[in-house]
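*Asks:* Show me the folded form of this:
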Amino acid sequence: MNMAQSKNIGLCPDCGEEVRFKKLPFVGQLMTCRRCSAQLEVMRKSPIELRLATDAWEEEVDFEEFDSPRPNQRSNRKDRW
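*Replies:* As a prediction, this is how the structure comes out:
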């Protein structure tokens, strides 16, 4: 394997399989692992660092927003009906 090819390979954080890219990926690019079918996201281009795409989604969601009602919402849903 030459140097150009090795730059386009990352490791799946779920199963450890090599994930190969035809060309240098971009940060945020999504890829599916051939071995375990995990959705992966490119976090860094050089060296290629991958993480599970579901982890990225969970970090962006503010779950507290769903736990507490908004100030102008009623706390009892029965009052709406």
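
*Asks:* Once you drop chain neighbours, what's closest to residue 43?
*Replies:* Leaving aside its sequence neighbours, residue 43 sits nearest to residue 49 (Cβ to Cβ, 6 or more residues apart in numbering; 4.5 Å). Just so you know, the C-beta spots here come from the backbone N, C-alpha and C atoms, and that holds for glycine as well.

*Asks:* which parts of the helix or strand containing the one you found are buried?
*Replies:* Assigned by DSSP states H and E, residue 49 belongs to strand 48-52. For strand 48-52, the neighbour count (16 or more other Cβ atoms under 10 Å) marks 48, 50, 51, 52 as buried.

*Asks:* do stretch 17-37 as well
*Replies:* Residues of stretch 17-37 classed as buried by neighbour count (16+ other Cβ under 10 Å): 19, 21, 25, 31, 33.

*Asks:* Over to stretch 8-18?
*Replies:* For stretch 8-18, the neighbour count (16+ other Cβ under 10 Å) marks 10, 11, 12, 13, 14 as buried.

*Asks:* now what about that stretch, what contacts it?
*Replies:* Residues from elsewhere that reach stretch 8-18 (Cβ atoms under 8 Å, 6 or more residues apart in numbering): 19-25, 33-36, 38, 40, 42, 47-52.
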